[in-house]
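> would you be able to build a 3D model of this:
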Amino acid sequence: MNLQEAVVKKMYDNDAFSKWLGIKIVSIGPGACSLQMTVRSEMTNGFDIAHGGITYSLADSALAFASNGHGRKAVSVETSISHTKAVKSGDILTATAREEHLSNKIGIYQIIVTNQDQEVVALFKGTVYRTGKDWEV
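Numbering: from 1, shown residues only. Here you go, the predicted model:
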């Protein structure tokens with residue numbers, strides 16, 4: 001198991017919310033990761049579409065796993081999301097995180113969330129602060 005996999009496994013094992021969402025790890029790489037989940041009926045709102053917090057939370061988990069995969073603990077300091085298409089119960093979502101910038105203290109990530117038809121349903125941008133603490137794995 002490489003460093004990214006060990007860090008993400010440790011994070012995921014202690015992440016009750018990502019587990020509740022039903023997130024599965026598809027791939028992990030340096031500064032990148034891909035996660036997948038299926039939207040359940042209890043995740044929908046009064047419009048019978050997924051609550052915006054569902055795609056946000058999936059993308060936020062992708063940000064956390066991608067940014068911490070370098071082995072240094074990182075926490076989000078700014079995030080934003082644009083919802084581009086309605087998400088329904090039963091949709092299978094994939095969040096793909098890509099590192100755009102990495103310095104000693106700051107990382108910037110783009111996360112694209114797609115559905116089972118490869119349609120973009122959300123665009124998420126996250127900035128993280130990289131602490132001076134390394135993960136013990």
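
> rounded mean pLDDT for the helix ranked longest in the chain, please.
For the chain, the helix that runs over the most residues, judged by DSSP state H, is helix 52-68. Throughout helix 52-68, pLDDT has a mean value of 97.

> list of residues touching the helix or strand following it?
Taking DSSP states H and E as the definition, the helix or strand that follows helix 52-68 towards the C-terminus is strand 72-83. Strand 72-83 is contacted from outside by 52, 55-56, 59-60, 63-64, 67-68, 107, 121-135, using Cβ atoms under 8 Å, 6 or more residues apart in numbering. (C-beta placed from N, C-alpha, C; glycine too.)

> remind me which residues of this protein are low pLDDT?
The model of the chain has no residue with pLDDT under 70.

> so which elements touch the longest helix of the chain?
Here helix 52-68 touches helix 3-13, helix 16-21, strand 32-38, strand 72-83, strand 92-102, strand 106-114, strand 120-134, going by 3 or more Cβ pairs under 8 Å, 6 or more residues apart in numbering; DSSP states H and E.

> on the C-terminal side of the second one, identify the next helix or strand.
Looking back up the chat, that one is helix 16-21. Moving toward the C-terminus from helix 16-21, the next element (DSSP H and E) is strand 24-29.

> angle of that following strand against strand 32-38?
170 degrees (axes from the mean of the first three to the mean of the last three Cα atoms, to 10 degrees).

> distance check, Pro30 against Gly69.
In this structure, Pro30 lies at 7 Å from Gly69, with Cβ to Cβ, to the nearest Å as the measure.

> if you count surrounding residues, which of the two has more?
Set Pro30 next to Gly69 and count neighbours by other Cβ atoms under 10 Å: Gly69 wins out with 26 against 13.

> quick one: neighbours of Gln4, just the number.
Per other Cβ under 10 Å, the neighbour tally for Gln4 reads 22.

> give me the spatial nearest neighbour of it, chain neighbours excluded.
Excluding its sequence neighbours, the residue lying closest to Gln4 (Cβ to Cβ, 6 or more residues apart in numbering) is Gly69, at 3.7 Å.

> right, and that neighbour touches Leu3 too?
Yes - using Cβ atoms under 8 Å, Gly69 is in contact with Leu3, at 7.2 Å.
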